[in-house]
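[1] Show me the folded form of this:
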Amino acid sequence: MRWLPPGNAKYLGATGLINIQKPVVGDEQSSNRAFLIIQSGAPNQLNSINVGWMINPTLYGDALSRITAM
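    Predicted structure coming up:
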């Protein structure tokens, strides 16, 4: 994770690499997930975008990877 210093600079775009090739959900896990989170703003007015992939056999009934956003 890399944090950029606050200031008047504008940052346009984002990039990330998440490997989702056959992730495993262990016996004691209910799901496995990976997210890319982009945040901006003051703590009391925080804006964020969360996007990633999730495997949740309890929810979906299989071990397939699905895109998810919050």
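[2] now whichever strand or helix holds R33, how far from the centre of its chain.
    Assigned by DSSP states H and E, R33 belongs to strand 32-40. Distance of strand 32-40 from the chain centroid (C-alpha atoms, centre = their mean, to the nearest Å) equals 3 Å.
[3] contact partners of the helix or strand just after it?
    Downstream of strand 32-40, the next assigned helix or strand under DSSP H and E is strand 47-55. Residues from elsewhere that reach strand 47-55 (C-beta atoms under 8 Å, 6 or more residues apart in numbering): 18, 20, 23, 25, 31-41, 63-70. C-beta coordinates here come from the backbone N, C-alpha and C atoms, glycine included.
[4] try 6 Å this time
    Strand 47-55 is contacted by residues 20, 23, 25, 31-41, 63, 65-70 when judged by C-beta atoms under 6 Å, 6 or more residues apart in numbering.
[5] could I have the helix or strand harbouring L59 exported to CSV, CA atoms only?
    Take DSSP H and E as the rule and L59 turns out to sit in helix 57-60. In CSV, the C-alpha atoms belonging to helix 57-60 read as follows (Å, rounded to 0.1, in the frame of the first residue of the first chain):
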residue,chain,number,x,y,z
PRO,A,57,-19.2,-20.6,-0.5
THR,A,58,-21.8,-20.0,2.2
LEU,A,59,-23.4,-17.1,0.3
TYR,A,60,-23.1,-18.5,-3.3
